[in-house]
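Visitor: Pasted the sequence and its predicted model underneath.
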Amino acid sequence: MFKKGWKINSIIKGSCPKCQKESMYKNSNPYIISETLKMNEKCSHCSTQYKIEPSFFYGAMYVSYPVGIAFAAVAFVISYLLIGTSLNVAFIIIVVTMLILLPIILRLSRNIWINLFMSYDKKLADK
């Protein structure tokens, strides 16, 4: 869907930001809660270390807030403005949406965070 080399490709797929060849996560299913945030130490293709420093992914918490707000806003627009539910029902829909999408928001935030610090390298991808 997205061309290799674009950051959005790595962000959506959760692939290595340098070569975009393999997933950063040990399990591709984010809904296995015990493994949602378990990541490989490094890329098996290009040997990129995913943890740049200890506690590197704490910064992803700052990214998760606007990502969560974006999902909540979409849930509000769909439920309240398009479907026409009451504000109380729209609030419940937002809460349920956030709970259901929490594993995806967590991973998406990590993917965005690491892609802020690393860029695609065509030489590594062609190895």
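Guide: That came through, no problem.
Visitor: Give me the residue ranges of this structure where confidence is low.
Guide: Judged against pLDDT under 70, the low-scoring parts of the chain cover residues 1, 127.
Visitor: centroid residue for this structure?
Guide: Nearest to the centroid of the C-alpha atoms of the chain, with distances taken as CA atoms, centre = their mean, sits L108, at 1.0 Å.
Visitor: What is the neighbour count of G59?
Guide: The burial count assigned to G59 is 16, neighbours taken as other CB atoms under 10 Å. To be clear about C-beta, it is placed using only N, CA and C from the backbone, and glycine gets the same treatment.
Visitor: how far away is the closest residue to it other than its chain neighbours from C16?
Guide: When the adjacent residues along the chain are set aside, G59 lies closest to W113, with 5.3 Å between them (CB to CB, 6 or more residues apart in numbering). The span separating W113 from C16 equals 14 Å under the rule CB to CB, to the nearest Å.
Visitor: Looking at the two, which has the bigger crowd around it?
Guide: Neighbours were counted for W113 and for C16 using other CB under 10 Å; C16 has more, 27 against 19.
Visitor: what element comes up after the biggest helix by length in the chain heading to the C-terminus?
Guide: Longest helix in the chain by number of residues, with DSSP state H as the criterion: helix 87-117. Counting by DSSP states H and E, the element after helix 87-117 in chain order, helix or strand, is helix 122-125.
Visitor: The residue nearest to the centre of the chain contacts G68, correct?
Guide: No - contact status for L108 versus G68: not in contact, 9.7 Å apart, counting by CB atoms under 8 Å.
Visitor: List the contacts of L99.
Guide: Taking CB atoms under 8 Å, 6 or more residues apart in numbering, we find L99 in contact with no residue.
Visitor: re earlier: which of the residues in the longest helix of the chain are buried?
Guide: Applying a neighbour-count criterion of 16 or more other CB atoms under 10 Å, the buried positions in helix 87-117 are 90-91, 93-94, 97, 101-103, 105-115.
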